[in-house]
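Colleague: Can you look at this prediction? I've put the sequence above it.
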Amino acid sequence: MDAEYLLSPAATQWLAQLFESRAARDGAVIRRKMRDVDRRVGRAPFLAEMRRRGFGVVENAGQYVIFCNREPLRRVV
């Protein structure tokens with residue numbers, strides 16, 4: 001996490017659980033409701049952590065779709 005963001009223990013635990021999921025460990029795709037991210041961690045710290053890990057994130061219909069790998073994203077349609 002970027003040094004500029006000091007997270008509560010609950011926010012730190014929530015992020016840890018996110019990245020301990022099997023899908024995240026396998027480099028797959030996961031999604032989380034934007035309102036949950038905003039409430040539990042905050043948008044800026046969440047996106048800073050995604051950048052730090054090199055993960056791609058897209059936003060659609062109130063969800064963050066997180067690509068838990070460093071592969072390039074390409075929209076095909």
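Modeller: It's in. Please read all numbers here as calculations on a predicted model, not as lab measurements.

Colleague: Only C-alpha atoms from now on, for both contacts and neighbour counts.
Modeller: Noted.

Colleague: Around F67, how many other residues sit close by?
Modeller: 22 (other Cα atoms under 10 Å).

Colleague: Quick check: it touching I30?
Modeller: Yes: counting by Cα atoms under 8 Å, I30 is a contact partner of F67 at 6.7 Å.

Colleague: Residue ranges in this protein under the pLDDT threshold?
Modeller: Scanning the chain for pLDDT under 70 picks out 1-4.

Colleague: Quick one: the strands in it, in order.
Modeller: Taking DSSP state E as the test, the strands found in the chain are 29-33, 56-60, 63-67.

Colleague: Could you dump these into CSV and include distance to R75?
Modeller: Shown next, in CSV, are those (distance: least, Cα to Cα, whole Å):
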stretch, distance to R75
strand 29-33, 15
strand 56-60, 11
strand 63-67, 13
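
Colleague: Once you drop chain neighbours, what's closest to Y5?
Modeller: Distance criterion Cα to Cα, 6 or more residues apart in numbering; nearest residue to Y5, sequence neighbours excluded, is P45 at 6.1 Å.

Colleague: quick one: that neighbour and V77, what's the gap?
Modeller: Here P45 is placed at a distance of 30 Å from V77 (Cα to Cα, to the nearest Å).

Colleague: likewise W14?
Modeller: Separation of W14 from V77 (Cα to Cα) stands at 33 Å.
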